[in-house]
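Novice: dropping a prediction and its sequence here:
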Amino acid sequence: MTAEKSKKQLGEILKEKGIITEDHIKYALQVQKITKDRLGEIFEKLGFVTENDTVKTLAQQTRISYLDVDEVLPEDTVLKLFNKNLCLNNTFLPIKKVDGTIEVAAYNTQGYKRSQRTGLEKYLKRK
């Protein structure tokens, strides 16, 4: 069995956390058959979960670190390395520099367009 197939489904994790019920999952799956939307989006639209619930649970499911940027103070020296519009347009926030590597917080990394990612890589190489 592959790692992808062995991980728990979003609905199952949300149910284990006590955020939704089995009935919520069944209803959302019926809606998904019609809309073809992602299940997390459906849970949110139906008011079963908050965006924060979805993001934290997806981070847990995919084993990607979750960082609440409202609770972090980025280093000034790192912020000055990046153009504000570049960060806003590519939905990332430079946080700190560790051993020559800049740690960034990014939103919706799976939705990045290839051109945005390439543009960001070129920008970083110039710095």
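Specialist: Yep, that arrived. Residues are numbered from 1 along each chain as shown.
Novice: packing partners for the helix or strand harbouring residue 52?
Specialist: According to DSSP states H and E, residue 52 maps onto helix 51-62. With contacts taken as 3 or more Cβ pairs under 8 Å, 6 or more residues apart in numbering; DSSP states H and E, helix 51-62 sits against helix 10-16, helix 39-45. No exception for glycine: its C-beta is placed from N, CA and C like everyone else's.
Novice: mind checking the ones you listed for the one nearest to residue 72?
Specialist: helix 39-45 (23.3 Å; Cβ to Cβ).
Novice: please point out which parts of that closest one sit buried.
Specialist: Neighbour-count burial for helix 39-45, counted by 16 or more other Cβ atoms under 10 Å, picks out 39, 40, 42, 43, 44.
Novice: how about the helices and strands packed on helix 51-62 in JSON lines, adding mean pLDDT and distance to residue 100?
Specialist: Below are these laid out as JSON lines (pLDDT from 0 to 100; distance: least, Cβ to Cβ, whole Å):
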{"stretch": "helix 10-16", "mean pLDDT": "96", "distance to residue 100": "36"}
{"stretch": "helix 39-45", "mean pLDDT": "94", "distance to residue 100": "35"}
